[in-house]
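Undergrad: pasting a predicted model and its sequence here:
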Amino acid sequence: MDAHLKDLFDRFHLQFGSGPGLGPGSGTCLLKIDGLSPNFIKSVYRAAAALYRTDPWKRLRPAHLLGIRVGKDSDWPGKKQPFPCAQFVGGDGGDLGFHMFRSQNDALSMTGSIQTVRVPNSEVLRVNYERESLMGLSNRRMIRALSLEASSDRYPSVDVAYCTSKGEVRFRNPSVEELRFVYGFMKAVALVHPLLIEDRDSGPKWSRFVGFEAFIETVDVEWPPEMARGWDIVAVTLSCPPRQAYEDKGTSAAAGSTPAKYSVGGVPKDELVDVKLNWGGVGKMMMMMMRQCAMCEEEVVHSEELVSCGRCRALVYCGSACQRRHWKEAHKSSCGLYKVMMEREEELALNIFTFPCSIEDPCKWLESVGLHQKGMWRRKCNCYSHCPFGLLPGKGGLSDSWGGIDDEEYPPDIPFHGRDGMSSPVLLSSWSEYYNLRSLPLSSPVAAILSYPLTVYYILMALNISSKNLLLKGKEVVVHYLGPEGELDWMAAFAEIGHLLNGLGNLQIVMVGPEVPTELSGTMSGISSRMRVNFVRGLYQEEATYLPSPHLVIALNGGLESYATWGGALDLIKSMNVPTFFTDQTELTCSSAKQVLRGAGLHITHPMTPNPFRSPVRNQGPSSNLPSYSNCFVLGVNT
């Protein structure tokens with residue numbers, strides 16, 4: 001009888017133990033891995049905690065397989081990615097965690113309807129979030145000895161499970177390199193999974209299973225010092241469904257730190273040609289503006305005279321002579337990088353909107369949407385450049401501020417009301433969610449202005465955990481907002497932040513910069529009872545002493561490489577060690593910003609990622625065709 005009960009208990013434990021159907025990893029403990037330092041373990045636990053706080057289990061189920069690529073194949077033992085496929089488990093009940101597989105075929109064969117299926121001679125790396133009281137004794141000792149960061153009330157347990165040919169389950173500790181791979185995945189997926197867009201037509205109508213639109217995203221992940229192998233940054237590509245994102249075609253641009261998405265060597269002869277720009281649709285409208293040669297900077301009046309690089313098509317020239325000269329002097333080494341940036345055009349375009357989303361000329365674009373020289377939109381062109389920022393004359397009404405568009409086309413000046421009548425902030429991850437929440441038609445262009453306040457709100461609630469926690473506790477958060485210009489005239493739009501907070505917490509935004517007019521400096525705009533904006537004229541490094549201490553610093557469309565005055569501000573940000581986020585319009589300007597930040601001794605702790613609340617209106621550079629949107633990418637330091 002005792003043997004029978006023991007057999008029943010063992011089978012029960014295997015089915016309902018840590019992880020669905022595989023049982024606990026008996027005897028595994030990270031401290032038992034040779035060459036693994038305490039700092040390495042702490043970094044893994046910090047990354048696991050950061051991922052846990054983003055709660056991917058709200059949306060992801062085991063059938064949502066994710067493809068993973070961390071750096072190049074040659075970076076890893078065996079010259080191949082260790083675990084290129086992953087799934088999240090526990091969203092439908094049971095222990096929360098994720099599994100990583102040796103291949104997509106393994107993932108498909110081991111994914112059952114209820115529990116993980118045992119496949120002989122196949123390994124799965126598991127990260128399960130368990131309460132300390134339920135963990136093995138060696139793991140509990142490790143947690144207490146190293147004071148490891150908790151994921152709420154849980155800690156990650158990491159092991160590799162495999163099934164023998166006889167169907168028996170065995171466990172082992174992951175290797176150091178496998179843990180590095182897991183770290184890269186956790187840091188990247190925490191940033192990327194909120195960007196997945198639901199596709200409710202992907203499955204049967206009777207099914208509650210929600211699929212996602214095909215997705216691929218690459219983000220930079222910074223290795224902690226104890227994990228670095230001669231470089232600080234690695235590019236991590238995630239795709240849903242899994243697929244090979246890029247092929248290794250050459251060496252990467254950062255000493256092996258990124259996947260080789262492009263070749264920077266010689267270009268085949270037939271690609272070094274003069275390509276006449278043939279624009280249709282959106283591109284045709286963009287070519288109506290004055291363009292400029294990337295080499296000699298000569299303005300080109302007639303678009304038919306322009307040529308572009310035959311390989312990347314990113315830069316434009318007044319003729320073949322300038323194009324070939326620029327290739328030899330500068331462009332040859334960066335053409336591959338430009339090509340990769342151009343390949344993100346479709347990914348960055350927000351095609352859900354039905355209003356014109358390309359600026360051929362600011363005035364003409366405003367005319368096309370019926371808003372030229374009206375309300376807040378006057379800051380979208382140069383017609384009112386004679387009027388200082390923040391001092392646009394106005395009639396005062398909300399409708400006039402939005403340019404007289406119909407009432408249902410702009411957000412009303414009223415708070416939200418939760419379903420249960422309780423105060424709670426609104427959590428948003430896309431323009432679709434926001435427009436649905438406010439019942440706005442997708443023909444309304446208000447996103448072009450709301451990109452500023454909603455980016456601030458997104459940083460507050462999604463990217464910076466400390467400010468989110470303060471607001472959830474009903475406390476005040478102070479934000480230093482650097483370098484405001486047109487935003488000074490958009491207080492009616494910034495009021496939306498207060499409405500999204502929905503009666504919880506207080507927010508003080510201090511807008512400080514040299515463009516704040518003297519008439520506004522020292523004044524305050526009481527947007528709502530829970531939100532106020534102060535205006536301060538001057539350079540941040542000179543005025544910060546007199547400002548309330550910030551919980552967060554934000555600079556939108558910062559252009560760090562363009563202004564020498566950023567040096568003092570960055571020195572101050574480094575000394576304060578306050579979470580700071582920057583946005584910029586193109587990948588190229590963000591790359592320059594990263595160099596400026598690193599030159600100032602600031603480590604990029606939030607890698608450059610597309611901002612879901614970037615403006616949907618594409619800007620056109622005079623000599624570049626690179627995708628460019630206001631607040632397009634976001635990156636952070638001290639986070």
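TA: Structure's in. What do you need?
Undergrad: contact partners for His551?
TA: Ser466, Ser467, Leu470, Val477, Val478, Val479, Val578, Pro579 (C-beta atoms under 8 Å, 6 or more residues apart in numbering). C-beta: built from backbone N, CA, C; applies to glycine.
Undergrad: part of a strand, is the third one?
TA: The one in question is Leu470. No. Under DSSP: H, G, I helix; E, B strand; the rest coil, Leu470 sits outside any strand and is assigned helix.
Undergrad: separation between it and Val477?
TA: 5 Å (C-beta to C-beta, to the nearest Å).
Undergrad: and for these two, which residues touch both?
TA: In contact with both Leu470 and Val477: Gly505, His551, using C-beta under 8 Å, 6+ apart.
Undergrad: quick revisit: which two in the contacts of His551 are spaced the farthest apart?
TA: Farthest-apart pair in the contacts of His551 is Leu470 and Val578; separation 13.3 Å (C-beta to C-beta).
Undergrad: which stretches of the stretch 101-250 of the chain form strands?
TA: Using DSSP state E, counting those that start in this stretch, the strands found in the stretch 101-250 of the chain span residues 123-131, 154-163, 169-172, 198-199, 211-212, 215-222, 233-240.
Undergrad: would a markdown table of those with mean pLDDT, distance to Asn631 and mean neighbour count be doable?
TA: Shown next, in a markdown table, are those (pLDDT from 0 to 100; distance: least, C-beta to C-beta, whole Å; neighbours: other C-beta atoms under 10 Å):
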| stretch | mean pLDDT | distance to Asn631 | mean neighbour count |
| --- | --- | --- | --- |
| strand 123-131 | 91 | 33 | 22 |
| strand 154-163 | 89 | 34 | 22 |
| strand 169-172 | 87 | 46 | 14 |
| strand 198-199 | 76 | 23 | 13 |
| strand 211-212 | 84 | 24 | 18 |
| strand 215-222 | 82 | 17 | 21 |
| strand 233-240 | 87 | 22 | 24 |
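Undergrad: between those, which gets nearest to Ser429?
TA: strand 198-199 (10.3 Å).
Undergrad: ok, and what's touching that closest one?
TA: Counting by C-beta under 8 Å, 6+ apart, Arg59, Val210, Gly211, Phe212, Glu213 sit against strand 198-199.
Undergrad: rerun at 6 Å
TA: Val210, Gly211, Phe212, Glu213 (C-beta atoms under 6 Å, 6 or more residues apart in numbering).
Undergrad: for it, the distance to its chain's centre please.
TA: Relative to the centre of its chain, strand 198-199 is centred 19 Å away, using C-alpha atoms, centre = their mean, to the nearest Å.
Undergrad: go on, stretch 179-194?
TA: 12 Å.
Undergrad: what's next to it, contact-wise?
TA: 44, 47-48, 50-51, 54, 56, 68, 70, 82, 217, 219, 221, 227, 234, 236, 238, 429, 609.
Undergrad: just the CA trace of that stretch, in CSV.
TA: The C-alpha trace of stretch 179-194 is given here as CSV (Å, rounded to 0.1, in the frame of the first residue of the first chain):
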residue,chain,number,x,y,z
LEU,A,179,22.5,31.6,-19.0
ARG,A,180,24.0,34.5,-21.1
PHE,A,181,21.6,33.6,-23.8
VAL,A,182,18.6,33.5,-21.4
TYR,A,183,19.7,36.9,-20.1
GLY,A,184,19.7,38.4,-23.6
PHE,A,185,16.2,36.9,-24.2
MET,A,186,14.7,38.2,-21.0
LYS,A,187,16.0,41.7,-21.5
ALA,A,188,14.7,41.8,-25.1
VAL,A,189,11.4,40.2,-24.7
ALA,A,190,10.4,42.5,-21.8
LEU,A,191,10.8,45.4,-24.3
VAL,A,192,9.2,43.7,-27.3
HIS,A,193,6.2,41.6,-26.2
PRO,A,194,4.0,44.7,-25.5
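Undergrad: same question for that stretch, mean pLDDT?
TA: In this model, stretch 179-194 carries a mean pLDDT of 91.
Undergrad: one more: stretch 402-422?
TA: 78.
Undergrad: and stretch 444-461, by the same measure?
TA: On average, stretch 444-461 scores 96.
Undergrad: by mean pLDDT, point me to the weakest helix or strand of the protein.
TA: Ranked by mean pLDDT, DSSP states H and E, the weakest helix or strand in the chain is helix 282-286, scoring a mean of 33.
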